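J.: Quick one: sequence and predicted model below, then my questions.
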Amino acid sequence: MTENLKTVLDFYAEAGIDEVIGDTPINRFELPAATTTQRRSPLQRSSTSQATQKASGKQTSNATLSDVTALVNKCSSIDELHKALNDFNGCSLKKLATNTVFALGNPEADLMVIDRPPSSEGDRSGMPFAGPSGNLLTKMLASIGIKEDGFYASSLIPWRPPGGRAPTLEEQMICMPFIKRHIELAKPKILLLCGEAAAPLLEKKSGINRLRGQWAQMTFGTKSIPAIPIFHPSFLMDHPASKKLAWSDLLELKAALNQ
């Protein structure tokens, strides 16, 4: 018996068991309820935290779509829309952005070009198509006879998402009335939708590879405007082989502008 006990103790020691909790086992199902630790799930803790934030007034949320729509509909000019956007604090993206990206170029031009969400250069400068992509866009349009004062450009989203991530559906929803009203007020003859700007405006789930070169008729207010998606200049810089497809789309654009 003593040898058996020594064998068991040696086994415990080798297994790292070096402490005895008690001499007798404890049936924890029979413990009083008061000694049981109450635990909340992460979801419950999150809900409690959110409720606390709401009560303290520290939580901020995006504006509603109806609020933004009502705001932009009050703007009767591009300058008024620009001011409304600068004063707007209903989108969380604005808090982390360096600048609000609004527009560049000639607002009276027949062609309006829509950029994807701002790049880091756009965030710093406050301009769409900032940096090398803007230089390439200018050369692309010049190749079909459109000078720098022959187009007007704006951005799908006025603020750069943190780290350059894709904007969420909620962020797109809040920002969309601004760009739609912008297009309505500018009254271009034709829209050129670059890269990731195409699908949200066209309300499509397809990527630019499927959308590019396909004309679509879009309605802004009472005006119907033809739009053609094209590869973004930044994409073309990384994928030069796609420039032949972009050239085909540019020729389509030129023909439409000359009609």
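T.: Structure received.
J.: When you work out contacts or count neighbours from here on, use the C-alpha atoms and nothing else.
T.: Noted.
J.: Run through the neighbouring helices and strands of the helix or strand L250 falls within.
T.: Assigned by DSSP states H and E, L250 belongs to helix 243-258. Taking 3 or more CA pairs under 8 Å, 6 or more residues apart in numbering; DSSP states H and E as contact, the helices and strands that helix 243-258 lies on are strand 223-230.
J.: Can you give me the buried ones in the strand it packs on?
T.: Under the neighbour-count criterion of 16 or more other CA atoms under 10 Å, strand 223-230 has I225, A227, I228, P229, I230 buried.
J.: Contacts only, for the first one.
T.: By CA atoms under 8 Å, 6 or more residues apart in numbering, I225 lies in contact with P188, K189, I190, L191, Q217, M218, T219.
J.: Mind picking the two most distant members of those?
T.: Farthest pair in the contacts of I225 (CA to CA) is P188 and Q217. Separation: 12.9 Å.
J.: And the helices in the stretch 151-259 of the chain?
T.: 169-186, 198-202, 208-211, 233-238, 243-258 (DSSP state H, counting those that start in this stretch).
J.: any chance of those in a markdown table, plus distance to S154 and mean neighbour count?
T.: Below are these laid out as a markdown table (distance: least, CA to CA, whole Å; neighbours: other CA atoms under 10 Å):
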| stretch | distance to S154 | mean neighbour count |
| --- | --- | --- |
| helix 169-186 | 8 | 19 |
| helix 198-202 | 13 | 19 |
| helix 208-211 | 18 | 15 |
| helix 233-238 | 15 | 16 |
| helix 243-258 | 18 | 15 |
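J.: Of the ones you listed, which is nearest I144?
T.: Once these are compared by CA to CA, helix 243-258 is nearest, at 6.2 Å.
J.: same question for that closest one, mean pLDDT?
T.: For helix 243-258, mean pLDDT rounds to 97.
J.: Quick one: which of the contacts of I225 is the most crowded by neighbours?
T.: L191 (26 neighbours; other CA atoms under 10 Å).
J.: I figured it hits V113, correct?
T.: Yes: the pair L191 / V113 is scored as a contact, 5.9 Å apart, by CA atoms under 8 Å.
J.: now do the same end-to-end measure for stretch 83-101.
T.: 12 Å (CA to CA, to the nearest Å).
J.: got it, and stretch 202-211?
T.: For stretch 202-211, the end-to-end distance is 9 Å (CA to CA).
J.: What average pLDDT does that stretch get?
T.: 95.
J.: what's that stretch in contact with?
T.: G195, E196, A198, A199, A216, M218, P229, I230, F231.
J.: Stretch 176-185 too?
T.: 65, 68-69, 72-73, 76-78, 81, 85, 112, 154-157, 201, 220-221, 223.
J.: residue closest to the middle of this protein?
T.: Residue closest to the average C-alpha location in the chain (CA atoms, centre = their mean): P167, at 1.2 Å.
J.: count of neighbours near the nearest residue to that residue once chain neighbours are set aside?
T.: In this structure, P167 finds its nearest non-sequential neighbour in P161, 6.1 Å apart by CA to CA, 6 or more residues apart in numbering. Using other CA under 10 Å as the criterion, P161 is surrounded by 22 other residues.
J.: so who does P161 touch?
T.: Contacts of P161 by CA under 8 Å, 6+ apart are L93, L96, A97, P117, P118, P167.
J.: Which parts of the stretch 1-150 of the chain are helices?
T.: So, for the stretch 1-150 of the chain - with DSSP H, counting those that start in this stretch - the helices run 2-14, 42-56, 65-73, 78-87, 93-96, 120-125, 132-142.
J.: Among these, show the one with the smallest mean pLDDT.
T.: helix 42-56 (a mean of 37).
J.: one step back: okay if I get the contacts of stretch 202-211 as JSON lines plus pLDDT?
T.: Written out in JSON lines, the entries for the contacts of stretch 202-211 read as follows (pLDDT from 0 to 100):
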{"residue": "G195", "pLDDT": "97"}
{"residue": "E196", "pLDDT": "96"}
{"residue": "A198", "pLDDT": "97"}
{"residue": "A199", "pLDDT": "97"}
{"residue": "A216", "pLDDT": "97"}
{"residue": "M218", "pLDDT": "98"}
{"residue": "P229", "pLDDT": "98"}
{"residue": "I230", "pLDDT": "98"}
{"residue": "F231", "pLDDT": "98"}
